[in-house]
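Asks: need a structure here:
(one chain, ligands or ions: 1)
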Amino acid sequence: MPQRRFILGRTLTLLLAMAASVGVLGQGPVLVGLRYDDFVGPPAKGPDQRLRMENALFAACRRVGLVPTVSVVPAAKRYLDENLGPWDSPAGRQRVLLLRSLATRGAIDLAQHGYRHDFRPDEREASEVAGLPEARQREMISFGKQVLRGLVGRSVTTFVPPANSYDAATLDALAATGFQVISGMLGEGPAHREDLMYVPVTVEFAHLEDAVRNAAAYPGPTLVIAMLHPYEIRDYAEGTGQHSMAEIEATLLRIKAISGVEFTSIGQVQREHPELACASHFRAAAELTPRFRSRVFKPLVYLALGGRQRWAWWPQEVYRGVRWVFAVPYAGGITLVTGVGLATVAWRRRQWRRSGRRRLRRAR
Ligand SMILES: [Zn+2]
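Replies: So this is what the prediction gives:
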């Protein structure tokens, strides 16, 4: 009978410790940012449909209280299959005005997105900079920086490489041209430098909500930065868009309601959380989804489709299961430490009681 009570007591203690460890796992703020890429010059002719969509997107962000990081291509002539007009045309000036007024009010955070956003024909998926000599990269990046400063009236110090592709020479060129932050894609690119902050995107917008819910289950502060492009927004790109503007706003509102979530921007991370702006602070939850996808699934899809499919979208359920591979050792470790602690206390108490009884007997 006492043995059964002992086992019951220990089981209850262990269950309590596990519950406590799950509680601990659920703590820590989740900083959530949105990087809107490919803000380019105006269309060469016709109405600027993209500007209308961008106005709506930035208004939606303002309503939910999020400051998006807007990656601007300084010297765009082409964007995908489309010819672009110059910045100093009437349509171009409207785009510049939007950027300037939003940046002045602190409603957007600015980043430089390459120079012309070209793709090198010799290498699929490689941007205009990666692979070029450092001096050439420095020239392009620095020229883009000057153009951007002329457009928005301020120096932009965050660099987003086109196609998230860059190399060690890009990092040297950025440090030499006064950049402070590099934002590529988590798990891609060379090892980062100590003098450049590192705030990559960790997930595509389609998987942002799931990534934030996963991240909320991990201890300590976590950064989750999503990437969004014009061609993903249905109101602008009917053929390729997967999200309507209304869905984007609704998703951001749901994310805002998750306990521990704080909206941020790359610039704010740089100013207020510099300790998080390095590779080691991206936790498993935020890291797992994109890395798993880009390292394992994306290459398989490229092979299957003959390298034509640029983006592949997968159901989050595929990745969600893998999260427990990381969660179980955390919970197990905390349970073990608590269990050992409680057992030690119980043992000491029993020793103390026994020696007390002995003292009592001797006294008698
Ligand atoms: Zn881009």
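
Asks: all strands of the chain, in order?
Replies: Secondary structure of the chain (DSSP state E): strands located at 30-39, 69-72, 78-79, 82-83, 109-112, 158-159, 181-182, 197-198, 203-204, 222-228, 261-263.

Asks: quick one: which of the ones you listed has the weakest pLDDT on average?
Replies: Per-stretch mean pLDDT for the strands of the chain is lowest at strand 78-79 (a mean of 76).

Asks: ok so, going back, now distance to the ion too, for the strands of the chain, in CSV please.
Replies: Yep, even glycine has a C-beta here, placed from its N, CA and C like the rest. Converted to CSV, those look like this (distance: least, CB to the ion, whole Å):
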stretch, distance to the ion
strand 30-39, 4
strand 69-72, 7
strand 78-79, 9
strand 82-83, 13
strand 109-112, 11
strand 158-159, 12
strand 181-182, 15
strand 197-198, 18
strand 203-204, 13
strand 222-228, 9
strand 261-263, 22
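
Asks: among those strands, which is the most enclosed?
Replies: Of all those, strand 69-72 has the most neighbours on average by mean count of other CB atoms under 10 Å, namely a mean of 28.

Asks: So what are the sheet partners of that strand and their directions?
Replies: Based on DSSP bridges, the strands next to strand 69-72 in the sheet, each with its direction, are strand 30-39 (parallel), strand 109-112 (parallel).

Asks: quick one: low-confidence ranges for the stretch 51-200 of the chain?
Replies: When residues are selected by pLDDT under 70, those of the stretch 51-200 of the chain lie in 120-126.

Asks: for the ion, what are the nearby residues on it?
Replies: Remark: the part of the stretch 51-200 of the chain in contact with the ion comprises residue 162, using CB under 5 Å from the ion.

Asks: Let me see the ranges of the helices in the stretch 51-200 of the chain.
Replies: All helices of the stretch 51-200 of the chain, identified by DSSP state H, counting those that start in this stretch, fall at 90-104, 134-152, 168-176.

Asks: Ok, the stretch 201-350 of the chain next?
Replies: Under the criterion DSSP H, counting those that start in this stretch, the stretch 201-350 of the chain carries helices at the ranges 208-215, 245-256, 266-272, 284-292, 298-304, 317-320, 323-363.

Asks: do you know how far the residue nearest to residue 99 when sequence neighbours are not counted is from the ion?
Replies: Using CB to CB, 6 or more residues apart in numbering and skipping the chain neighbours, the partner closest in space to residue 99 is residue 152 (5.4 Å). Between residue 152 and the ion the distance is 18 Å, computed by CB to the ion, to the nearest Å.

Asks: residues contacting residue 152?
Replies: 72, 96, 99-100, 103, 110 (CB atoms under 8 Å, 6 or more residues apart in numbering).

Asks: one more time with 10 Å, if that's ok
Replies: Taking CB atoms under 10 Å, 6 or more residues apart in numbering as the criterion, residue 152 is in contact with 70, 72, 74, 96, 99-100, 102-104, 108, 110.

Asks: Going by neighbour count, which of those residues are buried?
Replies: For the contacts of residue 152, a burial check counting by 16 or more other CB atoms under 10 Å picks out 70, 72, 74, 96, 99, 102-103, 108, 110.

Asks: Can you tell me the centre-most residue of this protein?
Replies: Ranked by distance to the mean C-alpha position of the chain (CA atoms, centre = their mean), the top residue is residue 225 at 2.3 Å.

Asks: Surely it and residue 164 touch.
Replies: No - applying CB atoms under 10 Å as the test, residue 225 and residue 164 come out as separate, 11.9 Å apart.

Asks: anything in contact with each of those two?
Replies: 183, 185-186, 200-201.

Asks: biggest separation within these, which pair?
Replies: Spatially, the most separated pair among the shared contacts of residue 225 and residue 164 is 183 and 186, at 9.8 Å (CB to CB).

Asks: overlap in contacts of those two?
Replies: Between them, residue 183 and residue 186 share the neighbouring residues 164, 198-201, 225, with contact defined by CB under 10 Å, 6+ apart.

Asks: picking that back up, present the shared contacts of residue 225 and residue 164 as CSV; the columns should include neighbour count.
Replies: Rendered in CSV, the data for these read as follows (neighbours: other CB atoms under 10 Å):
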residue, neighbour count
183, 28
185, 22
186, 24
200, 27
201, 26
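
Asks: Residue 35: which of the residues you listed is nearest?
Replies: Using CB to CB, residue 201 comes nearest to residue 35 of the shared contacts of residue 225 and residue 164, at 5.3 Å.

Asks: bridging residues for that closest one?
Replies: Beta-bridge partners, per DSSP bridges, of residue 201: residue 185.

Asks: Quick check: the gap between it and residue 187.
Replies: 10 Å (CB to CB, to the nearest Å).
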